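Colleague: A predicted structure for the sequence below; I have some questions about it.
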Amino acid sequence: MIGVVHCDVSSLEQSQSGAVWGGVWISAGQQHFPEPGWNDMVVALLVELHRAINQIRRANGSARVRFFDGPFWMDLKLEQGDKLSISASGQRAGIGLTDTVDLAPFERSLMDESALVLRECELRGWGDQTDVRILANLVRH
């Protein structure tokens, strides 16, 4: 199964606090989490996903990633060395995703979407925002 990170760069907006908001969600097959087009702090969430994947790879373990808007989270766990178990849920009935996906394509999707978001942030003059700089460092290393 292929897991995909989705970011809608056309929806990006910067709040007064400097946080970048936009469409961001995860899919595995026909399942989507929290839902297609979910609006959240996209750059901060991508940073957390990168950190979680790095932690999982280093410790051969697991990590929890929380969405910033709404009570949603994803528990990620490395399985069989090249599989990623995703158990995503929240406190809203009917919203969830449980699947095991191939880790390499998921990571590639995360990197590709992060690069698109970074490019758009830089085009819009948001490159100095703290989360944007952190994401840039994670993508380039």
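Modeller: Sure thing, it's come through. A quick note: this is a predicted structure, and the numbers were derived from the prediction, not measured.

Colleague: can you show me the strands along this structure?
Modeller: Shown for the chain, the strands assigned by DSSP state E span residues 3-14, 20-28, 31-33, 39-40, 62-66, 72-79, 83-90, 97-102.

Colleague: wait, which of those strands is closest to Ala115?
Modeller: Across the strands of the chain, Ala115 has its closest neighbour in strand 3-14 (10.0 Å, CB to CB). Any C-beta I mention is one placed from the backbone N, CA and C, and that applies to glycine too.

Colleague: quick one: contacts of that closest one?
Modeller: If you take CB atoms under 8 Å, 6 or more residues apart in numbering as the criterion, strand 3-14 is touched by 20-28, 36-37, 39, 42, 46, 49, 84, 86, 99, 101-102, 105-106, 109-110, 113-114, 116-117, 119-121, 124, 126, 129.

Colleague: mind running it again at 6 Å?
Modeller: Residues from elsewhere that reach strand 3-14, judged by CB atoms under 6 Å, 6 or more residues apart in numbering: 20-28, 42, 101, 106, 109-110, 113, 116-117, 120, 126.

Colleague: same question, stretch 89-109
Modeller: By CB under 6 Å, 6+ apart, the residues outside stretch 89-109 that reach it are 1-5, 28, 31, 33-34, 53, 71-72, 82-88.

Colleague: again, but for stretch 69-81
Modeller: 34, 40, 52, 56, 60, 62-66, 84-88, 90-91.

Colleague: any of those buried? List them.
Modeller: Among the contacts of stretch 69-81, the ones that count as buried by 16 or more other CB atoms under 10 Å are 34, 40, 52, 56, 62-63, 65, 84-88, 90.

Colleague: thank you kindly, that will do.
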